[in-house]
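*Asks:* Structure here, sequence nowhere to be found:
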């Protein structure tokens, strides 16, 4: 509410970030894992004196550069762009806490990009050992950039002691940092396999294809075997409410969490019985199918990771709607419209309650909800009477553990309720057959309209 | 009415503003060098590609220059991260607001850059296969990047005018407010575009020197061709720069003129530009060093304009500070180590083949 609220139509801000972030995660983890795959496979080719394998690594490095350096880099910038637009307050907070972390990550980016180009253009220019060294430099800096950003990401879900100490060290070395680092490193290894399956299945020489497909599948399986163990460790580091949300308290999140496990298992099983057992029969179509499955797994898992952080954007510090916990009392007393800077009115207009309510919605709810699209309010309150809506608003965080409390004056809450009630036609009268005494319509409160008059 | 500016976050700055602003300007200069080469480069390549349809020299020139563009694009993007990071840290209250008002345009930058980047690769990798279509590919790429430059100009200018924020907000829909396209914005945009073309002219002239052993004739032609772009651009820049200076609001211009340091910087920048212009035909190196000075000084001057524009409304020196010196020191050490690593890789890559011991 400190900044103008951008409402990206049907998508909602969360979805804008989500779409960019999921694609970025899928590519950026490959940027790290593929960075390990390249020098290791190159070394294998030298050791086995296998020029065909070396040729494959060369062609894979071209694919790698086109995917990673272009899409990986730009989509990474895209996440930054979108979080700044959707959650400027949280982004500003993160940058204040972690600017030197990001500056360090930037140094690793520069080394990473220089190494990637020199590796790619250096196949015929550099001596094998020097070329390999450049490959290792690439991997080292790529993994180091993961090391930095991982701590910043986990900070949002498990800020740990930072809430009291406010120091960089306690923010970065937060409870989720290490387990998440292991999970993500394993994901990097698995994704290196996924992408290598794409390039290896396109190899024309049958013997080489069989060899490389099986080799690539092994990467995916190794990563896939580490993920569940590291995942359990990671989950044990989560705040208890986050765990509960993913294990039954919020059905949608639970279903997605289950789906994440199911899809991961499917990817591993598919890889084991497909390219690993029968590399000869594996082809590009299967490779793309597997990549789509892996992308879906990434998407679902990242969605769950975001969802369990609700109602916060920075756990125990700032709610998803950018309201700091420390400011709640003040805003409750002053009113949300008086506290917000980017509103067209600072007072509740009793003659235009609905318009006021929409303004309250924009500053307090629109960071997660849209009117008609993703997380639609019109759909959420369909069939609800005004009384029901107001009751929900009063007990918002109690009824829905993943939502922040409504913060504002009573008049603002009523205005929001009036606007929400106006989104749908009034609920139809509930037809209750009163039996032979024929007292139809005589019960006050039996209909939505009746209720709203109370 | 006093401007509506968001409250600062209740977390202190991790270093004093002077250090953050120094890093902001310093890393911006690095970004500017790569960005000039990219933006001016794709414009020069577009023109040369159309000329190259009938002329083999232009054609060969574009083929060779195109090889440099993917890495220039990568470094433009990466070197741009740091200044934007420090900008968000110090000026976030203004930057996030102006960005949110134009959110759709600002987000479009990401997609325009992505498409432009693939355009650069497409042009480079399939330069000969594309035939006469190559010119169109690079022209579209140039148009994409010009749009990026335009959106940046709009946002970086909009954030300097917080007094306009609220009325823009009330009269528009958040996300669609690109802000007024004033004469000042157009002059600023033109100033940047012309600078990019001139600097890229010098850049391609320098690049041409690397072709000396393989094809001395083309190297010589490329050097002269690049210098022509540079000299033409710089001459135009003297006019555009004046136009920009006189489009600045009177109070900003007076603030600049009133500050001896700012006047000194401006004069020195102009003298260095003149020096670069005079020495370009004879000594590329002298000219390049001089223009590096001009670009750096202009970036410092740009910071003066920013501070002067915001002074009535916002002063970063008033923000609370609590230095994170340990992690800052780690950053400095890693930066030096990182630059040394990049230096080593460039050394082994560019050293003469005889000492490289390459496999083929």
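*Replies:* That came through, no problem. Predicted model, so just to flag it, every value in this text is computed and none were measured. Residues are numbered from 1 along each chain as shown, chains lettered A, B, ... in the order given.
*Asks:* To which secondary structure element is the residue nearest to residue A:248 when sequence neighbours are not counted assigned?
*Replies:* Using C-beta to C-beta, 6 or more residues apart in numbering or on different chains and skipping residues adjacent in sequence, the residue nearest residue A:248 is residue A:254, 5.4 Å away. Where you see a C-beta, it was placed from the backbone N, CA and C, and this is true even at glycine. Assigned by DSSP states H and E, residue A:254 belongs to helix A:251-271.
*Asks:* thinking again about what came up before, surely the residue nearest to residue A:248 touches residue A:247?
*Replies:* Yes. If you go by C-beta atoms under 8 Å, residue A:254 and residue A:247 touch, sitting 6.2 Å apart.
*Asks:* Contact partners for the residue nearest to residue A:248?
*Replies:* Counting by C-beta atoms under 8 Å, 6 or more residues apart in numbering or on different chains, residue A:254 makes contact with A:245, A:246, A:247, A:248.
*Asks:* how far away is the last one from chain B?
*Replies:* What that stands for is residue A:248. With distances taken as C-beta to the nearest C-beta, to the nearest Å, residue A:248 is found 35 Å from chain B.
*Asks:* next one: the second one
*Replies:* Plainly put, residue A:246 is 29 Å away from chain B if you go by C-beta to the nearest C-beta.
*Asks:* Just the closest residue of chain A to chain B, please.
*Replies:* Nearest residue of chain A to chain B (C-beta to the nearest C-beta) works out as residue A:88 at 3.6 Å.
*Asks:* give me phi/psi at that residue?
*Replies:* With angles defined as degrees, to the nearest 10, residue A:88 sits at phi -60, psi -40.
*Asks:* Please name the nearest non-neighbouring residue to residue A:225.
*Replies:* Nearest one to residue A:225, counting by C-beta to C-beta, 6+ apart, is residue A:268 at 7.7 Å.
*Asks:* For chain B, give me the ranges with low pLDDT.
*Replies:* B:1, B:353-360 (pLDDT under 70).
*Asks:* how does it look with 50?
*Replies:* B:358-360 (pLDDT under 50).
*Asks:* hmm, back to that, the residue nearest to residue A:225 reaches residue A:223, doesn't it?
*Replies:* No. Using C-beta under 8 Å as the test, residue A:268 is too far from residue A:223 to be in contact (9.2 Å).
*Asks:* mind checking how far stretch A:32-39 is from the chain centre?
*Replies:* In terms of C-alpha atoms, centre = their mean, to the nearest Å, the centre of stretch A:32-39 is set 24 Å apart from its chain centre.
*Asks:* let me redo that: stretch A:333-346
*Replies:* With C-alpha atoms, centre = their mean, you get 30 Å for stretch A:333-346.
*Asks:* Likewise for stretch A:317-328?
*Replies:* Counting by C-alpha atoms, centre = their mean, stretch A:317-328 comes out at 20 Å from the chain centroid.
*Asks:* How about stretch B:146-162?
*Replies:* 13 Å.
*Asks:* element containing the residue nearest the centre of chain A, please.
*Replies:* The centre of chain A sits closest to residue A:302, judged by C-alpha atoms, centre = their mean, with a distance of 4.1 Å. Per DSSP H and E, residue A:302 falls inside helix A:284-307.
*Asks:* just checking, next helix/strand downstream of that helix?
*Replies:* strand A:312-314.
*Asks:* hmm, that next one in reach of chain B?
*Replies:* No. Strand A:312-314 stays clear of chain B (C-beta under 8 Å from any C-beta of the partner chain), getting no nearer than 10.8 Å.
*Asks:* now what about the helix or strand following that strand, what contacts it?
*Replies:* Of the helices and strands lying after strand A:312-314 in sequence (DSSP H and E), the nearest is strand A:318-319. Applying C-beta under 8 Å, 6+ apart, the contact partners of strand A:318-319 are A:89, A:90, A:93, A:311, A:312, A:313, A:324, A:325, A:404.
*Asks:* residue contacts, residue B:243?
*Replies:* Counting by C-beta under 8 Å, 6+ apart, residue B:243 has contacts B:187, B:190, B:191.
*Asks:* Would you confirm that the first one contacts residue B:242?
*Replies:* No. At 9.5 Å, residue B:187 and residue B:242 do not qualify as touching, with contact defined as C-beta under 8 Å.
*Asks:* Comparing these two, which residue is more hemmed in?
*Replies:* More crowded of residue B:187 and residue B:242, by other C-beta atoms under 10 Å in any protein chain shown: residue B:187, with 20 against 12.
*Asks:* quick one: what helix or strand has that one in it?
*Replies:* Going by DSSP H and E, residue B:187 is part of helix B:183-208.
*Asks:* who does that helix touch, helix- and strand-wise?
*Replies:* If contacts are counted by 3 or more C-beta pairs under 8 Å, 6 or more residues apart in numbering or on different chains; DSSP states H and E, helix B:183-208 sits against helix B:17-52, helix B:56-66, helix B:133-158, helix B:216-247, helix B:284-310.
*Asks:* Any idea which of the ones you listed gets closest to residue A:19?
*Replies:* Across these, residue A:19 has its closest neighbour in helix B:133-158 (20.4 Å, C-beta to C-beta).
*Asks:* Following that closest one in sequence, what is the next regular element?
*Replies:* Helix B:133-158 is succeeded, C-terminally, by helix B:162-171 (DSSP H and E).
*Asks:* for residue B:170, what are its contacts?
*Replies:* So residue B:170 contacts residue A:344 (C-beta under 8 Å, 6+ apart).
*Asks:* which stretches of chain A aren't confidently modelled?
*Replies:* A:437-454.
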